[in-house]
Structure formats: structure tokens, C-alpha cells
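*Asks:* The sequence and its predicted three-dimensional model are supplied below.
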Amino acid sequence: MPSINLCCSIVTRRATLEAEAEAEAPAPAQAEAEAEAEAAAAEAEAAPKRQPSGAMLGLSTLKKEISSQNPGLQPSELQRKVSTTWKNLDPAERERYMNLRN
């Protein structure tokens with residue numbers, strides 16, 4: 001009888017090792033999906049960046065100006081002040097900021 005127990009033990013151990021090997025190896029579909037995701041990320045990184053709009057350039061300039069005038073402002077307060085200033089600008093002044101893009 002000991003030979004039967006030994007045989008069953010070997011078969012069980014082999015099945016366990018095979019199951020562990022399958023769990024460690026990535027599935028072909030998963031590996032392919034990961035490779036595609038990496039390729040897409042590399043392509044997106046290599047793509048030329050779009051120029052910021054005039055409004056974004058204007059807001060950035062305003063933020064730098066307000067930040068230099070009020071160095072102790074918290075980021076949320078700074079953004080609130082920039083937004084309020086942008087909304088209250090007269091159209092000619094806003095147009096000046098919008099033309100920074102050119």
C-alpha cells in the first residue's frame with residue numbers, strides 16, 4: 001500500500017506545481033492587452049502637444065501676476081481670485097490676453 005500513497009502524492013504535487021505555473025504566467029490575451037496599452041501610451045507621449053488656448057495663457061499670466069502680488073494666498077484662494085479677475089476684465093483687456101497665443 002505505501003506505493004499507492006507515494007504515487008498519489010507525486011501526482012498531487014505535480015498537479016499543484018502545474019497550477020502554480022499557470023497562475024504565474026500571464027494569459028496570452030492579457031499579455032497582448034498590456035502590450036497594446038504600452039504601445040498606445042508611447043504613441044500618445046510622442047504625439048505633438050496642442051497649443052494652449054488664449055484664455056489658458058491669459059489665466060496663466062493672471063495667476064502669475066496675482067501670485068507675485070499676494071505670495072501668502074492658498075491655492076484655492078489664488079484660483080478664486082484669478083477667476084474673479086478674469087470675469088471682471090473689460091473685453092479689450094481680455095482680448096490682449098487672448099492675443100498672447102499669436
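*Replies:* That came in fine, so what should we check first? Residues are numbered from 1 along each chain as shown.
*Asks:* check which helix or strand covers the most centrally placed residue in the chain.
*Replies:* Nearest to the centroid of the C-alpha atoms of the chain, with distances taken as CA atoms, centre = their mean, sits residue 41, at 10.1 Å. Assessed by DSSP states H and E, residue 41 sits inside helix 28-46.
*Asks:* Look at residue 30 and say how many residues are nearby.
*Replies:* 10 (other CB atoms under 10 Å). Heads up, the C-betas are built off the backbone N, CA and C, glycines and all.
*Asks:* what does residue 100 give?
*Replies:* Residue 100 has 14 neighbours, counted by other CB under 10 Å.
*Asks:* what's the answer for residue 44, then?
*Replies:* 8.
*Asks:* Check the one 10 residues further on too.
*Replies:* Number of residues near residue 54 (other CB under 10 Å) recorded here: 17.
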